[in-house]
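Novice: here is a sequence together with a model predicted from it:
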Amino acid sequence: MSNPSPTTVRRLVSPWRLILVAVLLFAARSVPAQDAGTGGAPKAGAPATEADYDVLRKLLGVQAPPTREAAPEPEAEPEPEPVVETPQPEPSKPAARKAPVKKAPAPARAKPKPVAPKRAPAPQEAAAPSAPEPTPEVAPAQAFISPDVPPPGTVVQASNLERWKDFISPSIAWAVRRGAKLPVIANSPIPMEPARAAATQRYSPQVRLSDDKTYMVNYVAGVPFPFVQTDDPDAGIKMILNWDNRIVNDDLDIRMFGCQTGSFGATTGLEVERDYITGHFRRLYYVSRLYVDPKPNWPNPENIRYREMLHPVMEPFDLKGAGFTYNRFQDPRRQDDSWLYFPQTKRVRRLSTAQRSEGVFGQDIDLDSYGGYGGNPSWTDWRLLGTKTIIASMHGQNMPSKWLPPPNDFLHDDVWEPRDVWVLEGRSKLTGYAFGSRVIYIDRESFFIPYTEIFDLQGKLWKGLVQNWVVRDKMRPESQYEVGYQRVALASTALFDMQLNHATRCQFPAEELRGKEDGWYLNVGDKEGTTEETFDVASFIGQGR
């Protein structure tokens, strides 16, 4: 899709056009919350104002977060902080970082001697401090933020949308107006895995943001900022970092999943243009490892954070053997090393970072939308818009998902439950990025993303990404892998373009393998083939031939 050129903004030179702009801005403030097709996101290329964000909050039905009083605290002396500046935190209890400020001549403080600090952009290399044995509990789920949530048994649909519209996003409201029905069940907790909960309690007290507020210092494993407050001016970047590290697995293999892409009409369902089957989506993390040795970190000379690949595409025939692979590095300023491979042309094509906002292999889903958000958090400016209660599919009953009947068969057919979420807005810093902004809903209890909305460069709602999560130990009753605690996995994801009436929907695993394939393999080491060699470009090309 070709986007309007940003240069069109510069045409507003005459007084008459300036008057027109003023009228349009006044009209934008009256955009109703249920109007999913009109503006709302701040325009790309110009600094967003508070008025812009107020319009966006109105569209999303989000209250602005409270402002933290900038009361000058007596302890606001920068001298004590250098202790944390060093990637190796002091071996004393991490929680005591702030307390010693009152005692200037603290003898223990002299110990870290400003050792030439290792370069800050490698936040993952912090040494693990000695700490008391943790208990596997983290922040408890809070009571619902929004009152009067849809009770169990409610079916949100077009006839009662006005009543419940504040509990869904504009893109989902758009689908409900087309006839989508969302059955509501009671909220259920999503417990954190014991090892991750223990790592969160042990390491989170030592983590802080870098001076430029774009990456973490002294992070080892677990959720880095489990107790973010809404009045924290850095809540946006902290919450997206929570998501980015909540999904870490030592190794991951999503196997034999199916996607379909095509157009749809106002009264007609998805007309499938292409059917995809992909053998593997793999990730291998070198940091924050909790289950398989080496842990918590796997030293590597390139300082890679993780390696990822999607390969091989098995259908359609003209893409057979195609795939992509990339490395993401611990240094947040270093761009990904990304390659696409097409065996028909026997060529490997390098991807720029900005191209991650484009769909691959003819699909609507871009690389940065994988899982809800797959980009590098440091490449985006993040802002907390507020918090609210929504309904989302976080305890899906079908794996893989089933689809709603036409004309909404790009949306999963499963149960929805009330969930409290953080609502973030992100604007990419990358030149040539295809989107004006993203709005991301992060579940407050689990830190997973139920849905995302994408706005174009003119600030209009463009795409909706909706995900159906399941929480279970075994992916299916016959699975050979049983770990004894509940894990979160994705049963389906769908991205629908509301401007072009086009969509891509994916099931994990593919529909024809329902009941025959686990689909998800987590933290099993090299038992399922997720080895370092698998991600090498030479091996990648060899497997595709």
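Specialist: All right, it came through fine.

Novice: please make it C-alpha for all contacts and neighbour counts, starting now.
Specialist: Will do.

Novice: so for stretch 223-238, mean pLDDT?
Specialist: Per-residue pLDDT over stretch 223-238 has a mean of 96.

Novice: using CSV, write out every CA atom in it.
Specialist: Extracted in CSV, the C-alpha atoms of stretch 223-238 (Å, rounded to 0.1, in the frame of the first residue of the first chain):
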residue,chain,number,x,y,z
VAL,A,223,10.6,-9.3,34.5
PRO,A,224,12.8,-6.2,34.9
PHE,A,225,10.2,-3.7,36.2
PRO,A,226,7.3,-5.7,37.9
PHE,A,227,5.9,-2.9,39.9
VAL,A,228,5.6,0.0,37.5
GLN,A,229,3.3,2.8,38.7
THR,A,230,1.0,4.8,36.4
ASP,A,231,2.5,8.1,37.4
ASP,A,232,6.0,7.0,36.5
PRO,A,233,7.2,9.2,33.7
ASP,A,234,9.1,6.2,32.3
ALA,A,235,6.2,3.8,32.5
GLY,A,236,6.0,3.4,28.7
ILE,A,237,9.5,2.2,28.1
LYS,A,238,9.5,0.1,31.3
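
Novice: what comes up buried for it?
Specialist: For stretch 223-238, burial by neighbour count (16 or more other Cα atoms under 10 Å) applies to 223-226, 230, 234-238.

Novice: tell me which of the residues you listed fall in helices.
Specialist: Judged by DSSP state H, the subset of the buried residues of stretch 223-238 located in helices is 235-238.

Novice: show me what Tyr285 bridges to in the sheet.
Specialist: Note on Tyr285: beta-bridge partners by DSSP bridges are Tyr306.

Novice: which residues does it contact?
Specialist: By Cα atoms under 8 Å, 6 or more residues apart in numbering, the contact set of Tyr285 is 248-251, 305-307.

Novice: same thing with Ala180?
Specialist: Counting by Cα under 8 Å, 6+ apart, the residues that Ala180 touches are 157-158, 404, 408.

Novice: from Arg68, how far off is the closest residue to Lys320 other than its chain neighbours?
Specialist: What sits nearest to Lys320 in space, not counting adjacent residues and going by Cα to Cα, 6 or more residues apart in numbering, is Met314, at 4.8 Å. Between Met314 and Arg68 the distance, using Cα to Cα, to the nearest Å, works out to 53 Å.

Novice: who's more crowded, those two?
Specialist: More crowded of Met314 and Arg68, by other Cα atoms under 10 Å: Met314, with 20 against 11.

Novice: mind pulling the model confidence for that one?
Specialist: The per-residue confidence score, pLDDT, reads 94 for Met314.

Novice: likewise the one 10 residues further on?
Specialist: For Phe324, the model assigns a pLDDT of 92.

Novice: that one pairs with what?
Specialist: Leu310, Leu340.

Novice: then the residue nearest to Lys320 would be within a strand, right?
Specialist: Yes - per DSSP: H, G, I helix; E, B strand; the rest coil, Met314 lies within a strand segment.

Novice: so it touches Gly323, yeah?
Specialist: No - contact criterion Cα atoms under 8 Å: Met314 and Gly323 do not qualify, at 9.8 Å.

Novice: Ile190 contacts Glu445, correct?
Specialist: Yes - in this structure, Ile190 is within contact of Glu445 by Cα under 8 Å, at 7.0 Å.

Novice: where does the stretch 151-300 of the chain dip in pLDDT?
Specialist: For the stretch 151-300 of the chain, no stretch is flagged by pLDDT under 70.

Novice: now do the helices in it.
Specialist: Counting by DSSP state H, counting those that start in this stretch, the stretch 151-300 of the chain forms helices over residues 161-164, 170-177, 194-203, 235-246, given from the N-terminal end onward.

Novice: quick one: which of those is nearest Ile454?
Specialist: Distance to Ile454, taken as Cα to Cα, is lowest for helix 170-177 among these, at 9.5 Å.

Novice: so which elements touch the closest one?
Specialist: Packing contacts for helix 170-177, counted by 3 or more Cα pairs under 8 Å, 6 or more residues apart in numbering; DSSP states H and E, involve helix 161-164, strand 461-472.

Novice: okay, buried residues for that helix please.
Specialist: Buried-residue list, helix 170-177, by 16+ other Cα under 10 Å: 170-176.

Novice: isn't there a helix covering Val483?
Specialist: No - under the criterion used here (three-state DSSP), Val483 is coil, not part of a helix.

Novice: measure it to Glu308 for me?
Specialist: Using Cα to Cα, one obtains 24 Å as the distance from Val483 to Glu308.

Novice: neighbour count for those two, which is higher?
Specialist: Counting neighbours by other Cα under 10 Å for Val483 and for Glu308 shows that Glu308 has the greater number, 21 against 10.

Novice: give me the pLDDT for that one.
Specialist: Predicted confidence (pLDDT) for Glu308: 96.

Novice: would you confirm that it contacts Arg283?
Specialist: Yes - A contact is recorded between Glu308 and Arg283 when judged using Cα under 8 Å, the distance being 4.4 Å.

Novice: how close does the closest residue to Pro406 other than its chain neighbours sit to Thr387?
Specialist: The spatial neighbour of Pro406 that comes closest, neighbours along the chain excluded (Cα to Cα, 6+ apart), is Gly269 at 4.1 Å. When Cα to Cα is the yardstick, Gly269 and Thr387 sit 34 Å from each other.

Novice: returning to that earlier point: how about the helices of the stretch 151-300 of the chain, which one is nearest Asp456?
Specialist: Nearest to Asp456, of these and by Cα to Cα, is helix 170-177 at 13.7 Å.

Novice: now do that closest one against strand 461-472, angle only.
Specialist: Here the directions of helix 170-177 and strand 461-472 differ by 90 degrees (axes from the mean of the first three to the mean of the last three Cα atoms, to 10 degrees).

Novice: that older thread, number of nearby residues for the residue nearest to Pro406?
Specialist: Residue crowding around Gly269 was assessed by other Cα under 10 Å; the count is 17.

Novice: can you tell me which residues contact it?
Specialist: For Gly269, the contact set (Cα under 8 Å, 6+ apart) comprises 405-410.

Novice: and of those residues, the nearest to Arg472?
Specialist: Phe410 (24.5 Å).

Novice: the closest one: helix or strand, and which one exactly?
Specialist: If you go by DSSP states H and E, Phe410 is not part of any helix or strand.

Novice: mind checking how far it is from Trp469?
Specialist: Taken as Cα to Cα, the span from Phe410 to Trp469 is 16 Å.

Novice: what do you get for Glu50?
Specialist: Summarising the geometry, the distance separating Glu50 from Trp469, computed by Cα to Cα, is 34 Å.

Novice: Val248 now?
Specialist: Going from Val248 to Trp469 by Cα to Cα gives 16 Å.

Novice: coming back round to it: save the helices of the stretch 151-300 of the chain as CSV, and put in distance to Ser146 too.
Specialist: Output for those, formatted as CSV (distance: least, Cα to Cα, whole Å):
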stretch, distance to Ser146
helix 161-164, 12
helix 170-177, 17
helix 194-203, 27
helix 235-246, 20
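
Novice: Thr531 is nearest to which of the ones you listed?
Specialist: Sorting the helices of the stretch 151-300 of the chain by Cα to Cα, the top spot, which is the nearest, belongs to helix 235-246 at 21.0 Å.
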